[in-house]
Every structure is written in structure tokens, then in C-alpha cells.
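In: 3D, please:
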Amino acid sequence: MADFYSKTFGWKAQMLGPEMGEYAVVHTGETDENQMLQKPGMINGGLFKKTSDNQHPSIVIAVDDIRASIQKVKDAGGTIIDMETPGEPMEIPGIGLYIGFIDTEGNRVSMLQPSSQM
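Out: The predicted model follows:
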């Protein structure tokens, strides 16, 4: 899978291994030392090893203010997926604040406020 996206789109994949559920972090453009994208409008994300429980890619949208973005998701008809604390983003050490949501079409998407913006 990592080879396919690398050859097709030039993306760079980092395989995290079995301790992280065979997740592959995908970078779609140039990143800084914290693995955050340098060009606005691009997305990073990843792909899980396909199982019967997990049939979707992980799309992560970088935002400047995750709490304001949570409210915008709700106002537009989306549903926040509760993580550790209901309605609150989860902190990923060294990465930033993260939360998932369901859009109005039932797609699962995530948002990340990078640590550099906290």
C-alpha cells in the first residue's frame, strides 16, 4: 500500500508497525522538523491495515484553533467523536491536539491543531 501511494502520488509513508496497529503515516508534501506540512491546503493522514473493523482511510485536517473548529463542525451539522474526554480533543504528545468527527454524509474525518500552534 505504501509503495502504491508513493509511486502514484509521490507521497512518503512511514510504517509504524504492529505496536501501532500497522498504521502508515502518510505525508503528501514537504514537512518541517515536527512532520507538519509547510504548504497550506495540503493534507496528511494515514492508512490502517485493512480489517473487517476498519475500512476507511484516516483524513486529518490541520486547523489553527481546534476548539473553534469543533464548534464549526457542530454548527454545520457534524458530530464530534468523543475521545478520552467527551467533546474534548486528545493531546498527542509532541504532535498536537486531535479529535475525530463525522461529517453530514457519515464520513469519519479528524482534525489536528499542531503543537506549534498551541
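In: residue 28 is in contact with residue 38, isn't it?
Out: No: using CB atoms under 8 Å, residue 28 is not in contact with residue 38; the gap is 11.2 Å. Backbone N, C-alpha and C define where each C-beta goes, glycine included.
In: parallel or antiparallel, which strands does the helix or strand of the chain with the lowest mean pLDDT pair with?
Out: Averaged element by element with mean pLDDT, DSSP states H and E, the chain has its least confident helix or strand at strand 44-47 (a mean of 75). Applying DSSP bridges to the sheet, strand 44-47 is found paired with strand 24-27 (antiparallel), strand 58-62 (antiparallel).
In: who has more neighbours, residue 28 and residue 38?
Out: Regarding residue 28 and residue 38, a neighbour count based on other CB atoms under 10 Å identifies residue 28 as having more, with 16 against 9.
In: residues contacting the more buried one?
Out: Taking CB atoms under 8 Å, 6 or more residues apart in numbering as the contact definition, residue 28 lies against 9, 11, 37, 42, 43, 44.
In: ChimeraX command for the buried members of these?
Out: Buried residues within the contacts of residue 28, by 16 or more other CB atoms under 10 Å, are selected in ChimeraX with:
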select :11,37,44
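In: of the contacts of residue 28, closest to residue 84?
Out: Of all the contacts of residue 28, residue 84 sits closest to residue 44, with 22.0 Å by CB to CB.
In: using PDB, write out every CA atom in stretch 14-31.
Out: Only the C-alpha atoms of stretch 14-31 are listed here, as PDB (Å, rounded to 0.1, in the frame of the first residue of the first chain):
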ATOM      1  CA  GLN A  14       6.200   5.900   7.500                       C
ATOM      2  CA  MET A  15       5.200   2.400   8.700                       C
ATOM      3  CA  LEU A  16       4.600   2.400  12.400                       C
ATOM      4  CA  GLY A  17       4.500  -1.400  12.900                       C
ATOM      5  CA  PRO A  18       2.300  -3.900  14.900                       C
ATOM      6  CA  GLU A  19       2.500  -1.900  18.200                       C
ATOM      7  CA  MET A  20       0.600   0.900  16.400                       C
ATOM      8  CA  GLY A  21      -1.900  -1.300  14.600                       C
ATOM      9  CA  GLU A  22       0.200  -1.400  11.300                       C
ATOM     10  CA  TYR A  23      -0.700   2.300  10.800                       C
ATOM     11  CA  ALA A  24       1.100   4.000   8.000                       C
ATOM     12  CA  VAL A  25       1.600   7.800   8.400                       C
ATOM     13  CA  VAL A  26       1.300   9.500   5.000                       C
ATOM     14  CA  HIS A  27       3.000  12.800   4.100                       C
ATOM     15  CA  THR A  28       1.600  14.400   1.000                       C
ATOM     16  CA  GLY A  29       4.000  17.300   0.800                       C
ATOM     17  CA  GLU A  30       7.100  18.900   2.400                       C
ATOM     18  CA  THR A  31       7.100  18.800   6.200                       C
END
